[in-house]
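Visitor: Dropping the sequence and predicted coords here.
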Amino acid sequence: MDGLEAVELRLSEVLEDNDSFRFDSEYFKKEYLKEDAHKNKFKNIYLEKLAFITDGQHGYHEVDEHSNISHITAKNTKSWFADIINADKLAQWVDDKNKRSSLAINDILFSTRGTVGQCSIVTKEVLPANIDQDLVRINIIDNSITPYYLLAYLNSTFGQDWAKRNSSGMVQQGISISKMKSLRLPILSWNIQLKIEELIKLAHKKLEESKSDYQQSETLLLTELDLINLKPSTENIAIKSFSESFGNSGRLDSEYYQPKYDELIEKIKLTTYDSLKNIVSIKKSIEPGSEAYQETGIPFVRVSNLNKFEITQPSIHLSAGLFDKEELEKLQPKKDTILLSKDGTVGIAYTVKDETNIITSGALLHLTLKNDNIRPEYLTLVLNSLVVQMQSERDAAGSIIKHWKPSEIEEVLIPIIDLDLQIQIEQKIKASFKLKAESKELLDLAKQAVETAIEQDEAAAIKLIEAYEG
């Protein structure tokens, strides 16, 4: 029995809010019980008393590209603010039939399947929209809480641990609607709730300003290249000689020769340009295999952890013992290295901001600039723009699982604009990333304020907020 961790509970404590009648040790971890004790210092109210809670339509969802109604899924709730990035457009009749799940400003969305516990708030930028069955819509109907406090609570350690504790399922973890309704929310004072709301609203403002700066950098680029009003041709017939087609590219698939790609290349060739292989050194990373994956160690970044704005925290790690010091040094991307995805979701580019302690998967190439004539943030913007996205679309077409060959990536055409304008674009991008970082700081503070108020007291939480503001 040495080293065995055990807790002793009364039957009434075991059954409290335990409508699933769980008796396993995972449900009664010491940290969960400690959190319960902290929450019990406050008045707790069941979420169903505070909000209308529903999931979205189950089954078939008709897509209509002419509709203005966004179909929000779990992938659109990964941050604190819901988005419509890559969201389908939902047929009007689906929204009409499911008004209960038609979203409104300040609704809270919570993922109940897959990655359980992703939580975000609905802002005006998202609407009109509706959700699928893997999300719940939480619409506050009681004036004792603000939606922003609920958002911060669900994203805090208390909310995330509650989600872990109450998830169930063998193949895919999930939380039922009834379980969501039975969540007990500790009610903090209105004063601290409003302070938390102010932090989150300011974070959202900075995030929108960040997006604006990034869009301005894209506009500067496309205007300079005379691509700002480019409307790719929808024509799907091209007549090519053998030397112009297979003899040149080695490709026979018709998708590769769509006129829109020729139009883009002609535009690029009106500028100063070069092949990517002449601009950067391209290095492959490794793929150690799933048997090497573990929960702790060196973070292992895959395509799913990468977008053009950030590297998200991976859940998979590798043992440092797999590599010697010299090999590890070569594998870890350095400051200003550009990561570029070649498998799955191809063509995602991100500039590494600082020295790292990560290893990337074999699906991510490391690009290192050969000279100072091109700025790293400028090249990354070009790689993420339609200038290169259309080239990657052309090259990777024709396969079920997208794969962009390194030999094709080497030949990608990159327009090279005046260095002064590159620097101007880079400044816009850096300003965008600075605002995004400030937004994240504010969200982390809001979460920490909730945790401090519950674990210590509200005075300590207010002191924490005021120290940041000062």
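Guide: Arrived safely.
Visitor: so where's this structure uncertain?
Guide: Per-residue confidence for the chain (pLDDT under 70) gives these ranges: 1-28, 169-171, 232-257, 398-400, 470.
Visitor: can you list contacts of the host helix or strand of Asn139?
Guide: Using DSSP states H and E, Asn139 sits in strand 135-140. With CB atoms under 8 Å, 6 or more residues apart in numbering as the test, strand 135-140 has contacts from 47, 50-56, 72-74, 77, 100-101, 103-104, 106-112, 131, 146-147, 150, 177, 180. C-beta coordinates here come from the backbone N, C-alpha and C atoms, glycine included.
Visitor: just stretch 329-341 next, same as before
Guide: Outside stretch 329-341, the residues touching it (CB under 8 Å, 6+ apart) are 280, 285-286, 301, 303, 306, 311, 323, 347-360, 363-369, 376, 379-380, 383, 404, 409.
Visitor: ditto for stretch 422-430
Guide: So stretch 422-430 is contacted by 213-214, 216-217, 220-221, 374-378, 380-381 (CB under 8 Å, 6+ apart).
Visitor: Try it again at 6 Å.
Guide: In this structure, residues lying in contact with stretch 422-430 by CB atoms under 6 Å, 6 or more residues apart in numbering are 213, 216-217, 220, 375, 377-378.
Visitor: again with stretch 98-112
Guide: Residues contacting stretch 98-112 (CB under 6 Å, 6+ apart): 54, 56-57, 74, 77, 82, 95, 118-122, 124, 129-131, 135-139, 147, 150-151, 174-175.
Visitor: And for stretch 346-360?
Guide: 285, 298-301, 306, 308, 318, 331-333, 335, 337-341, 376-377, 380, 383-384, 389, 392, 396, 402, 404.
Visitor: Quick one: buried ones out of the residues you listed?
Guide: 285, 298-301, 306, 318, 331-333, 337-341, 376-377, 380, 383-384, 389, 392, 396, 402, 404 (16 or more other CB atoms under 10 Å).
Visitor: So which of those residues sit within strands?
Guide: Within the buried ones among the contacts of stretch 346-360, residues falling in strands by DSSP state E are 298-301, 306, 318, 338-341.
Visitor: possible to save the residues you listed as a markdown table with distance to Ala292?
Guide: A markdown table is the format used below for those (distance: CB to CB, whole Å):
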| residue | distance to Ala292 |
| --- | --- |
| Ile298 | 11 |
| Pro299 | 13 |
| Phe300 | 8 |
| Val301 | 14 |
| Leu306 | 20 |
| Leu318 | 6 |
| Ile338 | 25 |
| Leu339 | 20 |
| Leu340 | 23 |
| Ser341 | 21 |
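Visitor: Which of those residues sits closest to Trp162?
Guide: Set against Trp162, the nearest of these by CB to CB is Pro299 (25.9 Å).
Visitor: show me what contacts the closest one?
Guide: Counted by CB under 6 Å, 6+ apart, Pro299 has contacts 314, 317, 358.
Visitor: returning to what we had before: downstream neighbour of the strand holding Asn139 in the secondary structure list?
Guide: With DSSP H and E, the next secondary element past strand 135-140 is helix 147-155.
Visitor: who are the neighbours in contact with Ser285?
Guide: Taking CB under 6 Å, 6+ apart, one finds 360, 362, 364 in contact with Ser285.
Visitor: Tell me how many other residues crowd the residue nearest to it when sequence neighbours are not counted.
Guide: Leaving aside its chain neighbours, Ser285 sits nearest to Thr360 (4.5 Å; criterion: CB to CB, 6 or more residues apart in numbering). For Thr360, the count of nearby residues is 29 (other CB atoms under 10 Å).
Visitor: Name the helix or strand for Thr360, please.
Guide: Using DSSP H and E, Thr360 falls in strand 359-360.
Visitor: Pull the distance from that strand to the chain's centre.
Guide: Relative to the chain's own centre, strand 359-360 is displaced by 18 Å; criterion: CA atoms, centre = their mean, to the nearest Å.
Visitor: Of all the residues in the helix or strand following it, which ones are buried?
Guide: Next in sequence after strand 359-360, counting helices and strands by DSSP H and E, comes strand 364-369. Buried positions in strand 364-369, judged by neighbour count with 16+ other CB under 10 Å: 364-367, 369.
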